[in-house]
Each structure stands twice: as structure tokens, then as C-alpha cells.
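J.: Predicted model and sequence follow; I will ask about them next.
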Amino acid sequence: MKTEESSGGTSPGMESPKPTPKPEKTSPSKFESLITKIGVWLLFLLIGALAVTLALYLPTLTRLNRAQAEVERLTEIETQYNQLLPKYELAKAQSAVYKTISDASLLRTALLENDTTKTDQQMRYVEDDLAALNIPDYPEILQRLQSQFGKVKSATTNAASLSELDEFYKDLLLLADNLR
């Protein structure tokens, strides 16, 4: 019998395990390396595009949408304005005519009272009203009114002034009727 070695040797029936062979590191081929680089570049390109989209495009898109909504709102307002403008011009012309009628009535009262101070003052008011009167649809009526008022101013007596003022007043009423 053989003595066994107690020193931890190998027994005859057991062999020492052989180290498993390490896989050899193979360097990737040039094609694989190129594909990897392209993949990384595409990944960074996508990340950059996402960053640009989030940082620049989305806020600009929001501002653009707000601006378009404001343009639509203002377009509606402009349409309404354009529809109301002729009505405003008519109301403005009517107001000027009625003011002239009122001043002509006050001039008539001043002439009846034979008050020269009031008469002169009302004459200036009617002159100012005629100068401010702007009705492009009826230029011939405005010329007639100015001519008629010239006759009122040039009349030598209060009776003649009242007669011419009545004609002037009728022309003003006719103009007010035409403006409807």
C-alpha cells in the first residue's frame, strides 16, 4: 500500500482541472466599428434635434399660435370697424348738420331780439359749423348752404336777414332729411 500524501497532492484518480481557455478578444472588424460610430453619431444627432426642438421650436410655435389667434381676433374687429365706419361717418355728418340747425335757430332768436352781440356771436358759430361740415355725398348742397348764409350775412335789415335765414334753415332741414 502506498502511503497517501497528505500534503494535498492529487490523488491518482483525480486530475487537476485545466483552466478553461479564455476567449480571445477579437478586435471588431472595420465594418462593425464603422456601424458603431454611425450609431453613436445618429444617437447624438437625435439628442441634438430633440434639444433644438424643445429649446427653440416649441416656444416659437406657441408664440406663433398666439400671434395667429390675435390676428384672427383683430381681423374680426377690423371687419366690424369697416362695417361701422360708414354709419359713424353718417352719424358724424348728421350731428354737424343738427348743430348747424341749432346755431341757426339761436341766430334767428338773436335777430328777433335785435341783439347785435348775440347776432355776431351766432353768425361766427354758424360760419364755423359750415366750415366744419364735411359731407362728400352732397357737395352741391354745401355750396348752396354757404351761398345762402352769405346772403344772411349781407342782408342790411333784420327782416331781410330773417327771410334769408329761413331759406338757409330750410336747406339745412333738407340736408338733414337727405342724410338718413
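T.: Yep, it's here. Numbering: from 1, shown residues only.

J.: now the helices for this protein?
T.: 30-52, 58-113, 116-132, 139-154, 158-178 (DSSP state H).

J.: Adding mean pLDDT and mean neighbour count, write those helices out as TSV.
T.: C-betas here are computed from N, CA, C, even on glycine. Below are those laid out as TSV (pLDDT from 0 to 100; neighbours: other C-beta atoms under 10 Å):
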stretch	mean pLDDT	mean neighbour count
helix 30-52	89	10
helix 58-113	92	13
helix 116-132	92	15
helix 139-154	88	15
helix 158-178	90	16
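
J.: Just want the most central residue of this structure.
T.: L74 (4.3 Å; C-alpha atoms, centre = their mean).

J.: contacting residues for the nearest residue to L145 once chain neighbours are set aside?
T.: Among residues not flanking L145 along the chain, D171 sits closest, at 5.5 Å (C-beta to C-beta, 6 or more residues apart in numbering). Counting by C-beta atoms under 8 Å, 6 or more residues apart in numbering, D171 makes contact with I141, R144, L145, Q148.

J.: let's go with 7 Å and repeat that
T.: D171 makes contact with R144, L145, Q148 under the criterion C-beta atoms under 7 Å, 6 or more residues apart in numbering.
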